[in-house]
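Participant: fold the following, please.
(chains A and B)
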Amino acid sequence: MNTTSDNISTNRIGHLCRRYIAIKRSMILIGLAAMISLIVLISAAISYYDGVTARSATSIILFAFMIFKLTGYALTSTMFYELNSNSTAPQFYTLPATMFEKLISAWLISFVAYSLVGISVLYILSLLIGLDPTWFFNIKVFNEIWTYTIIQSIFLLGAAHFRSNNFLSTVVAMLGVVILFGLLALVISNTIYPKGWFFRIPTTLFTSSTSRIISTCIITLVASTFFIWLSYLRLKKQQLT
Amino acid sequence: MISIKDLSFSYKRSKPLIKELDLELPSGNIYGLFGLNGAGKTTLLNIITGMIFPKSGACYLHAQDTKKRAVQTLREMYIVPEQFDLPKITGNKYVETHRPFYPRFDEDLMLTILKEFEVDLLQNLLQLSFGQRKKFLIAFAIATNTKLLIFDEPTNGLDIPSKSQFRRIIASLNLEEKCVLISTHQVRDLGSMIDHLIVLKNGSIVFDHSVQEIEKRLSFQKINSDSSTPYLYGEETLGEIHAILPPSDNRSLELDLELLFNGIISKTDEISEHFNGVKS
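Facilitator: Predicted coordinates:
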């Protein structure tokens, strides 16, 4: 790829990723150590109790997924931490790479790399607690992953948009949007159907037929691309305050 | 190299900080940007580097609008801000992760400067004092070999020997195709190395002349308090007036940038008229 123009340069993206890893090295090491410790602890507890039932094992994995997702959102919220202070922002703004490259490298670290490591760890954990090796490829895990993918991209937007407390600000903004749309839907439904309106929660995204999985993947791709694109527009407009 | 056209800027709900400013900074010079607190110096530097966007007008580096933050523009400029934080990594790691973005980065030059500054690359940057960190960033900035180097209050936080080291290092730069812009209050610290003076007052450039031109058009003399010699600006000290006068047959003292700056700020119209023949 061309590295001398403003075309996307894979070289620069690589340098940006290396820079981020170097800056956040201690945080990454602590995270890895925590993950390994958690696996060791859970494995030790399970061997102490001579294994767990399949139902408990599933609950453990789903709980671990919750931790994985929350940690991922928190990590994503810190991706543009340099913008939050005028003493670090100049380094970010004037670093010779396009905003798109800066955004993509942040996404590669906070989503691709983090998910690869996290999901591998969760897979190893599922094996250690006695789940079948094929269990991991079920619809429950799929649902965890697609919801994580979309919400992670919203946290990326929050990281680009807010100038302080990015994680909490994003949570509050998401809650606000959900409440707003909920109320709006309630008002509209009461206006159109004054006698009451029943609707079925679409089950499309929670069942396992191939076509439904494909449609879920497409929706996930479109939604997360949309939020990443919004993050890009926001980053381009960001200025020193 | 730098071309600023009709630039205006104001913060939200504030009166304009920079008003219809035009400025050309050709390469080959060390520019001193002076102004009182709040004159808009740092804001102007932030606009030049594309960190904030003007309300109107534009700033170009090699005909590229800096607002676009294009890679070709960013890799040709480096700013050492007045206040900054560096990541919690060693100097070596910082260089290793940032040098790939600057194609003409000169590691030998950086090592030479750091040796002179006595900064250890192996130490964690957060463990260094503010002055040490500033010296590290100054060394990195110079080693990037970018065409435009910007220093905002570079000597703030530096000890006395480091200030003279900084002057020596900047003076030794090969300025061909390069432009160094230094914004400072410390006129006495940096006056000797500047070869072009720009003064910003109330958001406008009120003075923009080379040292050579200043020396040709003004003379600095000490005259008696009761002397009838007309002068453009003067400061009374111990029965004498340290004055700025039009050139005369009397031998001029060395250019006193502090006196000149004070003169420009308090007698803006008179000094401007003397140089340009028109009031600013």
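
Participant: centre of the chain to stretch B:167-183, how far?
Facilitator: Taking the mean of its C-alpha atoms, stretch B:167-183 sits 10 Å from the chain's own mean (C-alpha atoms, centre = their mean, to the nearest Å).

Participant: revised request: answer the last question for stretch B:50-58.
Facilitator: Centre-to-centre, stretch B:50-58 and its host chain are 19 Å apart (C-alpha atoms, centre = their mean).

Participant: what comes up buried for it?
Facilitator: For stretch B:50-58, a neighbour-count test (16 or more other C-beta atoms under 10 Å in any protein chain shown) marks B:Gly50, B:Met51, B:Ile52, B:Phe53, B:Pro54, B:Gly57, B:Ala58 as buried. Where you see a C-beta, it was placed from the backbone N, CA and C, and this is true even at glycine.

Participant: so of those, which ones are in strands?
Facilitator: Counted as lying in strands by DSSP state E, out of those, are B:Gly57, B:Ala58.

Participant: near chain A, from the buried residues of stretch B:50-58?
Facilitator: Among the buried residues of stretch B:50-58, proximity to chain A is found for B:Gly50, B:Met51, B:Ile52, B:Phe53 (C-beta under 8 Å from any C-beta of the partner chain).

Participant: give the contact list for the second one.
Facilitator: By that I understand B:Met51. Contacts here follow C-beta atoms under 8 Å, 6 or more residues apart in numbering or on different chains; on that basis B:Met51 touches A:Ala89, A:Pro90, A:Tyr93, A:Thr94, A:Gln239, A:Leu240.

Participant: for ChimeraX, write the select line for the buried members of those.
Facilitator: Typed into ChimeraX, the next command selects the buried ones out of the contacts of B:Met51 (criterion: 16+ other C-beta under 10 Å):
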select /A:89,90,93,94,240
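
Participant: now pLDDT too, for the buried residues of stretch B:50-58, in a markdown table please.
Facilitator: Formatted as a markdown table, the buried residues of stretch B:50-58 follow (pLDDT from 0 to 100):
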| residue | pLDDT |
| --- | --- |
| B:Gly50 | 95 |
| B:Met51 | 96 |
| B:Ile52 | 95 |
| B:Phe53 | 95 |
| B:Pro54 | 95 |
| B:Gly57 | 95 |
| B:Ala58 | 95 |
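
Participant: helices of chain B, start to end?
Facilitator: In chain B, the segments counted as helices under DSSP state H are B:41-48, B:71-74, B:91-98, B:107-117, B:130-143, B:160-171, B:187-190, B:211-217, B:257-266, B:268-276.

Participant: contact residues of chain B facing chain A?
Facilitator: Those residues of chain B that sit near chain A, judged by C-beta under 8 Å from any C-beta, are B:46, B:49-53, B:69-72, B:74-75, B:77-79, B:81, B:83-89, B:93, B:96-98, B:100-102.

Participant: hang on, the earlier thing: farthest-apart pair in the buried residues of stretch B:50-58, please.
Facilitator: Spatial extent of the buried residues of stretch B:50-58 (C-beta to C-beta) is set by the pair B:Met51 and B:Gly57 at 16.1 Å.

Participant: lowest average pLDDT across the helices of chain B?
Facilitator: The minimum mean pLDDT among those belongs to helix B:187-190 (a mean of 78).

Participant: show me how far that one is from its chain's centre.
Facilitator: Put simply, helix B:187-190 sits 11 Å off its chain's centre (C-alpha atoms, centre = their mean).

Participant: which residues sit against that helix?
Facilitator: Contact partners of helix B:187-190, identified using C-beta under 8 Å, 6+ apart, comprise B:Gly32, B:Phe34, B:Pro154, B:Thr155, B:Lys163, B:Arg167, B:Ile182, B:Thr184, B:Leu257, B:Glu258, B:Phe261.

Participant: tell me the phi and psi of A:Pro96?
Facilitator: phi -70, psi 80 (degrees, to the nearest 10).

Participant: and the gap between it and chain B?
Facilitator: With distances taken as C-beta to the nearest C-beta, to the nearest Å, A:Pro96 is found 4 Å from chain B.

Participant: contacts only, for that residue.
Facilitator: With C-beta under 8 Å, 6+ apart, A:Pro96 has these contacts: A:Arg12, B:Val71, B:Leu74, B:Arg75, B:Phe101, B:Tyr102.

Participant: could you point out which element follows the helix or strand containing A:Thr58?
Facilitator: If you go by DSSP states H and E, A:Thr58 is part of helix A:54-77. Heading C-terminal from helix A:54-77, the first helix or strand you meet, by DSSP H and E, is helix A:89-93.

Participant: who's in contact with stretch B:141-153?
Facilitator: Residues from elsewhere that reach stretch B:141-153 (C-beta under 8 Å, 6+ apart): B:1-2, B:27, B:41-42, B:45, B:48-49, B:61-62, B:75-82, B:99, B:102, B:104-107, B:109-110, B:113, B:138, B:169, B:173, B:177-186.

Participant: for chain A, what's its nearest residue on the stretch 151-280 of chain B.
Facilitator: Here the stretch 151-280 of chain B gets closest to chain A at one residue, B:Asp152, 9.4 Å apart by C-beta to the nearest C-beta.

Participant: count the residues that sit near that residue.
Facilitator: 22 (other C-beta atoms under 10 Å in any protein chain shown).

Participant: now the one 5 residues further on
Facilitator: A total of 16 residues lie near B:Gly157 under the criterion other C-beta under 10 Å.

Participant: any figure for the gap between it and A:Phe227?
Facilitator: Going from B:Gly157 to A:Phe227 by C-beta to C-beta, to the nearest Å gives 41 Å.

Participant: what sits against the residue at the greatest distance from the centre of chain B?
Facilitator: In chain B, the residue that sits farthest from the middle, by C-alpha atoms, centre = their mean, is B:Asp226; the gap is 37.2 Å. Going by C-beta under 8 Å, 6+ apart, B:Asp226 touches no other residue.

Participant: again, but for B:Ile2
Facilitator: So B:Ile2 contacts B:Leu23, B:Glu24, B:Leu25, B:Ile48, B:Cys59, B:Tyr60, B:Leu61, B:Leu148, B:Cys179, B:Leu181 (C-beta under 8 Å, 6+ apart).

Participant: show me the beta-bridge partners of the third one.
Facilitator: Beta-bridge pairing of B:Leu25, defined through DSSP bridges, involves B:Ile2.

Participant: list the residues that contact it.
Facilitator: By C-beta under 8 Å, 6+ apart, the residues touching B:Leu25 are B:Met1, B:Ile2, B:Ser3, B:Tyr31, B:Cys179, B:Leu181.

Participant: still on that earlier bit, phi and psi next, for the residue farthest from the centre of chain B.
Facilitator: phi -90, psi 10.

Participant: ok so, going back, contacts for the helix holding A:Thr58 next, please.
Facilitator: Contacts of helix A:54-77 (C-beta under 8 Å, 6+ apart): A:31, A:38, A:42, A:52, A:110-111, A:114-115, A:118-119, A:121-122, A:125-126, A:129-131, A:135, A:140-141, A:144, A:147-148, A:151-152, A:155-156, A:158-159, A:166-167, A:170.

Participant: take the helices of chain B and write them to TSV, including distance to A:Arg234 and mean neighbour count.
Facilitator: Putting the helices of chain B into TSV (distance: least, C-beta to C-beta, whole Å; neighbours: other C-beta atoms under 10 Å in any protein chain shown) gives the following:
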stretch	distance to A:Arg234	mean neighbour count
helix B:41-48	19	23
helix B:71-74	19	21
helix B:91-98	25	18
helix B:107-117	35	16
helix B:130-143	28	22
helix B:160-171	38	16
helix B:187-190	39	19
helix B:211-217	45	14
helix B:257-266	41	19
helix B:268-276	42	16
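
Participant: can I get those in JSON lines including distance to B:Thr237?
Facilitator: Output for the helices of chain B, formatted as JSON lines (distance: least, C-beta to C-beta, whole Å):
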{"stretch": "helix B:41-48", "distance to B:Thr237": "28"}
{"stretch": "helix B:71-74", "distance to B:Thr237": "47"}
{"stretch": "helix B:91-98", "distance to B:Thr237": "45"}
{"stretch": "helix B:107-117", "distance to B:Thr237": "36"}
{"stretch": "helix B:130-143", "distance to B:Thr237": "32"}
{"stretch": "helix B:160-171", "distance to B:Thr237": "24"}
{"stretch": "helix B:187-190", "distance to B:Thr237": "15"}
{"stretch": "helix B:211-217", "distance to B:Thr237": "21"}
{"stretch": "helix B:257-266", "distance to B:Thr237": "10"}
{"stretch": "helix B:268-276", "distance to B:Thr237": "20"}
